[in-house]
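Participant: this one's structure only:
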Ligand code: GRF
């Protein structure tokens, strides 16, 4: 059973999808704690499922590194990132860049979900950036977190067609409909060893990215 700590900042719909998946006894992962950098509304999904939650506010710390050290400590208290079974950190809507020292502590057992087809549109405004770029296609990427911003090896992607005149909120909602099952499937594949996060070839051409295809086979 793969142990997870999920990190969020917002409404936590991806977190909720993971909680629901973990409630199925055949799902090979379980969430041991949920952390946030703010009093995120999504934390209620964890508390109502009886999962411990913690908040580490950046403003309570002198520097980003200090914040990261404290966050790492809270995660390690749940047995993640230590010993021979390091578990997995899932950044599911954590809207803050993790300090490099934090990433090094847990690497490569730390993944993120991002609402664009990386390497396109990294950063905090991926959906807005795709619209501003008049893109006709975008999607979602689950990737390993490395020292850069949304630059780590891509594990899974799913794409959709952007509708004419679609606004940011509607597009983001449609992306999230793809994102939730993609995240659940990727975590399952990591737990089952179908994805080996320690494989140095991860993200290289030797490891083609699996593009999820919608059931009807079209781009939408
Ligand atoms: C997701 O689209 C995630 O990729 C982005 O923020 C959104 C979080 O959504 N970074 P939710 O809080 O899981 O509903």
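Facilitator: Noted; the coordinates are in hand. Because the structure is predicted, anything quoted here is derived from the model rather than measured.
Participant: who touches the closest residue to the ligand within the chain in this structure?
Facilitator: Among the residues of the chain, residue 93 lies closest to the ligand, at 2.8 Å counting by Cβ to the nearest ligand atom. The C-beta positions use only the backbone N, C-alpha and C, and glycine is treated the same way. The contact partners of residue 93, taken as Cβ atoms under 8 Å, 6 or more residues apart in numbering, are 8-12, 14-15, 42, 113.
Participant: give me that answer again for 10 Å
Facilitator: Going by Cβ atoms under 10 Å, 6 or more residues apart in numbering, residue 93 touches 6-15, 36, 40, 42, 112-115, 176, 179.
Participant: Within range of the ligand, give me the residues from the chain.
Facilitator: Contact residues (Cβ under 6 Å from any ligand atom) of the chain with the ligand: 8, 10-15, 42, 92-93, 113-115, 176, 179.
Participant: Inside helices: which ones of those?
Facilitator: 13-15, 176, 179 (DSSP state H).
Participant: residue ranges of the strands in this structure, please?
Facilitator: 2-8, 29-36, 53-55, 88-91, 110-114, 137-144, 154-161, 210-212 (DSSP state E).
Participant: Quick one: buried ones out of the residues of the chain next to the ligand?
Facilitator: Listed as buried from the residues of the chain next to the ligand are 8, 10, 12-15, 42, 92-93, 113-115, 176, 179; burial here means 16 or more other Cβ atoms under 10 Å.
Participant: Max pairwise distance over those: which two?
Facilitator: Distance extremes for those: the farthest pair is 42 and 114 at 17.0 Å, using Cβ to Cβ.
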